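Pasting the sequence and the predicted model now:
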Amino acid sequence: MAVAIEEGTAGAPDAGHGTRALAEPVDRRRVFAWNRYRFWEKATPFLFVAPVIAIVGVFTYWPLIYSIWLSFFDWNFVSPVKEFVGFANFTRLVDDPRFHRALWGTLVYILALVPAQVLLPLGLALLLWPIRRSRAQAVYRVTLFSPTVISFSVAALLWLWIFNPLQGILNKVIFEFGFAKVSWLSNPNTAIWCVIVVSIWKTIGFNLLLYLAALEAVPNDYIEAASLDGASGWQMFRLIRFPLITPTFFFVLVTTIISVNDEVFGAINVMTDGGPFDRSSNIVYYLYEQGFRIFQIGSASAVSLLIFAGTAILTWVQFRFVERHVHYG
Amino acid sequence: MANQDENARQRRQPQASRRTFLRGATAAAGSAAITGIAGLPFVRSARAADAPVEIVFMHVWGTPPGEKAAAIKHPATQLIEAFNAKNTGVTVRGETPSGDYFQTLTKAQAQIAAGKPPALVTTPWSNINYAVQGLQVLSLEKLGGSEAKGVLANYKPEVLPLVTMNGQTIGLPLAFSCPVMYYNNEIMKQAGVDPAEMFKDWASFKRLGAKVKAVTGNPILGLGNNADWEAQSIIQCNGGRVLDDNARPAWDSPEAIAAMAMMADLNKAGLYLQSTTKESNAAFIGGSLAIWMASIASLGGLSKQVKFDLKTSPFPVFAGKPRKMSSGGSFIGCYARDKDQQRGAWEFLKFVASKEGMDIWLKTGYLNATKYDEPVLPGQDSAYTQLAEGLTRESPWPGSRAAEVQKVWGTYVERIWAGDISAEDGCKQAKQQVLPLLPKT
């Protein structure tokens, strides 16, 4: 049977050779080879990305879907019986005072840490910027960045010693000034602030480096021109530098809001265990306790979905209302 | 001609990379298939028949912080090494994912869920219900068959009920402890306080505690374990109970509330240190804290760490009432599903329960749960006094939300002791909060 291949067929091997129609009959082997070629031509890109899709699917989307499924069950990962409980894992949270305290803690961490982790490194970067050519800046940079690379369990030992109520350096100092000793990590009014301080100390260096890199990228011509026009330091920051580093600022803001509650988890886990009386807990620590200390996978999955939804909404709000002020150059 | 060659080359190029890709993919799929076949049950059992058994013993006892592994091996490691040296055909591999019981149990649970359970895991007494209902622990009767009775005959009769449920022995008693009062005898001497008089009862403790506090200027009493454990002993000593016979909360009885109020009074008097257990441990070792209430299991470690005259005392009582302390620690539970693993686990448990095994294990400072004649370490006498008076089982928290019930109650204990809530309100609120978490009766 003779088969003709139409002129201009997409992907034809000799499509680049002109508009000649292949009018003469073609044998079966050639047609088969041609069809196979077309198949692989289309399939090959998918095969190349398949491993990545598989990895993302297995480690990101499957757990997400499985979490949704698990949130409707009472299960401990081991028991042969999964009891379907409907929305009970969600409704239970409404009445759980420990969840309420975790939510409150989450809010406090966001309100305290987002400004601290977004604005404080920016201020430090602006202070370090004028001495960018000196060795002093390298010293500051290393000093401020070092905590970022130290393991939290190691850092926590240091801070546990600082905050120790009877032997800690902090209490020794304030006692010398006539103040009473404080149980920093066991006092419900101070524990959460100790966690916040340690988290700032641990994470500030990374954002500082991002800001320094962004400031480096600001064209010097603009600064010189503004300088010649007599712009003050504040005007240069407000009208030139800040607008030009807004992509970095936006990135830091979004990633900080997304990650702030994950970041404090290490400090909570090592220093306070969420205590005293759950007052330094947050929603991520609550999730961890539900899943891995109390073994309630259904409850933990329900909480994880709430975190997912909350983070998605916050991120959307930022992109909707903040991104419009970002100058991408 | 040159154009034709170029086109031919271009046509060949994608085919060549595709071929390479397919070759790689086929190789990967082949490897995966071979690995998969190797993991099939019939292949595994065929392999196991002619190979020595290796089992995992997951426990919480690593090398003490700051010590060199080669210099000081924990008795748990020594126990494993002594067993392996016997070449029984069973090799035990110790794993210490964490020094924390709950984290270790979590890790074990993850492995059970993944179908690769560790054969043996140290399981806290308080999680005995969960081990049975949630993790399907294998009883010693099922594991050891006719040999089990002989092995268990070596244990003190008062110990076995602590690890028995529904007529089955849930695990091998290993880490057997109770809380005691550790104190810095040098501070006591400086304060001119007779420890025997001070620890006689809680009223004396409070009265003489003020003199001790005058020496250091600090609160004198710190907590070394989860508060609910010590609270259980204190409540029982006042005639109350934490859980009743049906495992329902009984901590809102007048006796229990009065016991909790006594601790709150100590805090009000500035005698009780609000701190984390890590902080109080550091303060006691450093000599800033005079008294530390903690498990007798800490004796071995503390003896090496402190630089002062370390002594222990039984817990103070409530005037005119008997002491009734709670036991604590962990048993070894078997979670192996595979027959060979179970056989290996039983071989190791028999060794642990032997005189040779106990000679090694009891260097830790834990109490001797067996009938073997073992030396009493300096400081252990306080714990043995309490044991002789009769230890109760650590609260077996009920239901699938057992750990959450314990957590809620523990948090209220801390709040009451710290004066964050009154004893009466705290006990009652805690009960209201845990009732929905308990299994329906």
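Arrived safely, thanks for sending.

got the residues of the stretch 51-200 of chain A near chain B?
Remark: the part of the stretch 51-200 of chain A in contact with chain B comprises A:74, A:76-79, A:92, A:95, A:97-98, A:160-161, A:163-167, A:181, A:183, A:185-188, using CB under 8 Å from any CB of the partner chain. Placement of C-beta: from N, CA and C, glycine included.

If any of those residues are buried, put those into a PyMOL selection.
Per 16 or more other CB atoms under 10 Å in any protein chain shown, the buried members of these correspond to this PyMOL selection:
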select buried, chain A and resi 74+76+77+78+79+92+98+160+163+164+165+166+167+181+183+185+186+187+188
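
can you give me the strands for the stretch 301-441 of chain B?
Per DSSP state E, counting those that start in this stretch, the stretch 301-441 of chain B carries strands over the ranges B:310-313, B:328-334.

same for the shortest one, what does it pack against?
Put plainly, it is strand B:310-313. Under the contact definition 3 or more CB pairs under 8 Å, 6 or more residues apart in numbering or on different chains; DSSP states H and E, strand B:310-313 sits against strand B:179-184, helix B:195-198, helix B:299-305, helix B:381-389.

10 Å - rerun?
Judged by 3 or more CB pairs under 10 Å, 6 or more residues apart in numbering or on different chains; DSSP states H and E, the packing partners of strand B:310-313 are strand B:179-184, helix B:185-191, helix B:195-198, strand B:291-295, helix B:299-305, helix B:381-389.

And the chain, what are its domain boundaries?
Reading this off chain A. Under the assignment named as automatic domain parsing, the residue ranges that make up the domains of chain A are A:2-70, A:92-325.

My question was about chain B, not that one.
Split into domains by automatic domain parsing, chain B comes to B:6-177+B:328-389, B:179-325+B:401-437.

worst average pLDDT in the ones you listed?
Within those, the least confident segment by mean pLDDT turns out to be domain B:6-177+B:328-389, at a mean of 81.

Check whether stretch B:154-171 comes near chain A.
No. Using CB under 10 Å from any CB of the partner chain as the criterion, no contacts between stretch B:154-171 and chain A are found, and the smallest distance is 16.0 Å.

Can you get me the start-to-end distance on that stretch?
Stretch B:154-171 has an end-to-end distance of 14 Å (criterion: CA to CA, to the nearest Å).

Can you list the buried residues in stretch B:242-259?
Buried residues in stretch B:242-259, counting neighbours by 16+ other CB under 10 Å, are found at B:242-243, B:247, B:249-253, B:255-259.

what about that stretch, how long is it end to end?
By CA to CA, the extent of stretch B:242-259 from end to end equals 11 Å.

Tell me which of the helices and strands packed on strand B:310-313 sits nearest to A:F237.
Minimum separation from A:F237 across these (CB to CB) falls at helix B:299-305, 54.1 Å.

starting at the chain centroid, how far to the closest one?
In terms of CA atoms, centre = their mean, to the nearest Å, the gap separating the centre of helix B:299-305 from the centre of its chain is 18 Å.

right, is it up against chain A?
No. Counting by CB under 10 Å from any CB, chain A is not contacted by helix B:299-305; separation bottoms out at 14.0 Å.

sorry, back to before: make JSON lines from the helices and strands packed on strand B:310-313 and add distance to B:G333 and mean neighbour count to it.
What follows is the helices and strands packed on strand B:310-313, written out as JSON lines (distance: least, CB to CB, whole Å; neighbours: other CB atoms under 10 Å in any protein chain shown):
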{"stretch": "strand B:179-184", "distance to B:G333": "23", "mean neighbour count": "26"}
{"stretch": "helix B:185-191", "distance to B:G333": "39", "mean neighbour count": "17"}
{"stretch": "helix B:195-198", "distance to B:G333": "38", "mean neighbour count": "16"}
{"stretch": "strand B:291-295", "distance to B:G333": "19", "mean neighbour count": "24"}
{"stretch": "helix B:299-305", "distance to B:G333": "23", "mean neighbour count": "17"}
{"stretch": "helix B:381-389", "distance to B:G333": "23", "mean neighbour count": "18"}
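
Using JSON lines, lay out those together with distance to A:Y66.
As requested, those are exported to JSON lines (distance: least, CB to CB, whole Å):
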{"stretch": "strand B:179-184", "distance to A:Y66": "42"}
{"stretch": "helix B:185-191", "distance to A:Y66": "56"}
{"stretch": "helix B:195-198", "distance to A:Y66": "57"}
{"stretch": "strand B:291-295", "distance to A:Y66": "39"}
{"stretch": "helix B:299-305", "distance to A:Y66": "42"}
{"stretch": "helix B:381-389", "distance to A:Y66": "47"}
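
which ones among the residues of the stretch 51-200 of chain A next to chain B are found in helices?
Judged by DSSP state H, the subset of those located in helices is A:R92, A:D95, A:P97, A:R98, A:L160, A:W161, A:F163.

Export those residues to JSON lines and append columns for pLDDT.
Supplementary listing: those in JSON lines, determined by pLDDT from 0 to 100:
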{"residue": "A:R92", "pLDDT": "90"}
{"residue": "A:D95", "pLDDT": "88"}
{"residue": "A:P97", "pLDDT": "90"}
{"residue": "A:R98", "pLDDT": "91"}
{"residue": "A:L160", "pLDDT": "88"}
{"residue": "A:W161", "pLDDT": "88"}
{"residue": "A:F163", "pLDDT": "93"}
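
Nearest to chain B among these?
Nearest to chain B out of those is A:L160 (CB to the nearest CB; 5.9 Å).

so the closest one makes contact with B:T277?
No. The pair A:L160 and B:T277 does not pass the contact test of CB atoms under 10 Å, sitting 11.1 Å apart.

Now do the same contact list for residue 271.
Using chain A here. A:152, A:155-157, A:159-160, A:163, A:184-185, A:191, A:194-195, A:198, A:280, B:276, B:278-279 (CB atoms under 10 Å, 6 or more residues apart in numbering or on different chains).

was after chain B, sorry
With CB under 10 Å, 6+ apart as the criterion, the residues that contact B:L271 are B:205-206, B:209-210, B:212-213, B:218-221, B:263, B:265, B:290-291.

what subset of those residues is also close to chain A?
Counting by CB under 10 Å from any CB, the members of the contacts of B:L271 near chain A are B:N218, B:P219.

returning to that earlier point: now distance to B:P378 too, for the domains of chain A, in JSON lines please.
Putting these into JSON lines (distance: least, CB to CB, whole Å) gives the following:
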{"stretch": "domain A:2-70", "distance to B:P378": "52"}
{"stretch": "domain A:92-325", "distance to B:P378": "26"}
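
Would you tell me which residues of the stretch 201-350 of chain B are close to chain A?
By CB under 10 Å from any CB, the residues of the stretch 201-350 of chain B that approach chain A are B:216-219, B:222-223, B:226-227, B:273-280, B:282-289, B:335.
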